[in-house]
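[1] Here is the input, now give the coordinates:
(one chain, ligands or ions: 1)
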Amino acid sequence: MIEEKVFKNYPHKHLLGIEGLLPDSINYLINLSKKYANYLEDNNQKLDDLKNKTCINLFFENSTRTRTSFELAGKKLGADMLNISVGSSSIKKGETLIDTAMTLNAMQPDLIVVRHNDAGAVKLLSEKVNCGVINAGDGPHEHPTQALLDSLTILRRKKTISGLKVAICGDIMHSRVARSNIHLLNTLGAEVRVIGPATLIPKQIESMGVKVFYKMKEGLKDVDVIIMLRLQLERMSGSFVPSIREYFRYYGLNNEKLTYAQPDALVLHPGPMNRGVEIDSELADDLDRSAIFEQVQMGVAVRMACLKALVKDR
Ligand code: CP
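    Residues are numbered from 1 along each chain as shown. From the prediction side, this is the model:
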């Protein structure tokens, strides 16, 4: 059993977003994640923190990293993890989200992890069940565990978040990763910038406490961390960029544009990556500059911490 000494607790029933969480709650989850990350580096054995607990993964949208790491995280804690494949469920026969939630609730799981293509759908579901719910991404709204694992990765490399200059680049408009990271990084005291073409930056985003830049050269000046985002073509109706080639030329990160940032600037990407669209392939694979696979590794530890924090004793 991993000890939880550093911060009091995570006082909420659900994890639906980073917005509104106090620094103590965020720090509690990050510190517990650090402990699990340290444990996983030295041990291959399963823990029994969630023995006899049942968690359901309910993903209405595709996922590789998030779904797999929640499953792995639960199994490493000794929980029974069930994956509901929406394609072969009664959702395909027209069952509504609320009826699906109430049906799963009747089976008395200890926690449900949900990804849905509509903003707000995970919150709606959480109101219909007795157990805790974790948002694994709801449309363009929030992806809280991604932001937590991004911060854990930054902390491992940079030792602090407070005072860092962090640039989030690309398709801000359609990105739940951007929203969750803006909330989290601001709460922990970073200076957050967003960079992208005007068509992909929401109006009034400054009200979230970020500085807006439309040119990589200006936005990347002196930054410590660069978070590149995928062009979310599946969420776009109409054309937001002239062409992929033009986009890469102006907003794709390569070694040349990286020179605008601090000499030791760290590159992150939540994945899935489109090589040659938002990031140069060689840079993505450069383990000194890019922490993309470390992010995936930290994803398991963060999801262990979130499962542990939200599964309650009955
Ligand atoms: N970053 C992320 O959410 O990846 P998946 O869509 O593969 O889960």
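[2] mind listing the helices for the stretch 101-250 of the chain?
    Secondary structure of the stretch 101-250 of the chain, counting by DSSP state H, counting those that start in this stretch: helices at 121-126, 144-158, 176-187, 216-219, 244-251.
[3] now the ones you listed in TSV, with mean pLDDT, distance to the ligand and mean neighbour count?
    (Each C-beta comes from the backbone N, C-alpha and C, glycine too.) Below are the helices of the stretch 101-250 of the chain laid out as TSV (pLDDT from 0 to 100; distance: least, C-beta to the nearest ligand atom, whole Å; neighbours: other C-beta atoms under 10 Å):
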stretch	mean pLDDT	distance to the ligand	mean neighbour count
helix 121-126	97	14	21
helix 144-158	98	5	24
helix 176-187	98	7	25
helix 216-219	98	22	17
helix 244-251	94	19	16
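[4] which stretches of this protein have low pLDDT?
    Residue ranges of the chain with pLDDT under 70: 1-8.
[5] Now do the strands in it.
    Counting by DSSP state E, the chain has strands at residues 54-59, 80-85, 111-116, 132-138, 165-169, 191-195, 211-213, 225-228, 266-268.
[6] Nearest to the ligand, out of those?
    Closest to the ligand of these, according to C-beta to the nearest ligand atom: strand 132-138, at 5.8 Å.
[7] K53 and L16: what is the separation?
    20 Å (C-beta to C-beta, to the nearest Å).
[8] Nearest residue to the middle of this protein?
    Q146 (1.3 Å; C-alpha atoms, centre = their mean).
[9] How about the contacts made by it?
    If you count contacts by C-beta atoms under 8 Å, 6 or more residues apart in numbering, Q146 has them with 66, 137, 176-177, 180-181, 270, 299.
[10] Need the helices of the stretch 101-250 of the chain in CSV (columns: distance to D42).
    Below are these laid out as CSV (distance: least, C-beta to C-beta, whole Å):
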stretch, distance to D42
helix 121-126, 34
helix 144-158, 15
helix 176-187, 27
helix 216-219, 39
helix 244-251, 40
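[11] looking at these, which is closest to T259?
    Of all those, it is helix 216-219 that lies closest to T259, at 9.7 Å by C-beta to C-beta.
[12] Tell me which residues touch the residue of the stretch 151-300 of the chain found nearest the ligand, please.
    Proximity of the stretch 151-300 of the chain to the ligand (C-beta to the nearest ligand atom) peaks at P270, 3.8 Å away. Going by C-beta under 8 Å, 6+ apart, P270 touches 65, 143, 146, 150, 177, 227, 229-230, 295.
[13] quick one: which of the strands of the chain is nearest Y251?
    Of those, nearest to Y251 by C-beta to C-beta is strand 165-169, at 6.5 Å.
[14] so what strands line up beside that closest one?
    strand 191-195 (parallel), strand 225-228 (parallel) (DSSP bridges).
[15] so which of those strands comes closest to M216?
    That would be strand 191-195 among these, by C-beta to C-beta, at 5.9 Å.
[16] what's the closest of the contacts of Q146 to T96?
    Closest to T96, out of all of those and judged by C-beta to C-beta, is G137, at 20.1 Å.
[17] The ligand contacts on the stretch 101-250 of the chain?
    137, 146 (C-beta under 6 Å from any ligand atom).
[18] separation between Q108 and V129?
    10 Å.
[19] Pick out whichever of those two has more residues nearby.
    A side-by-side neighbour count of Q108 and V129, using other C-beta atoms under 10 Å, places V129 first with 20 against 11.
[20] contacting residues for that one?
    Per C-beta under 8 Å, 6+ apart, neighbours of V129: 101-102, 104-105, 112.
[21] Just among the residues you listed, which is most surrounded?
    Most crowded among those, counting by other C-beta under 10 Å, is I112 at 26 neighbours.
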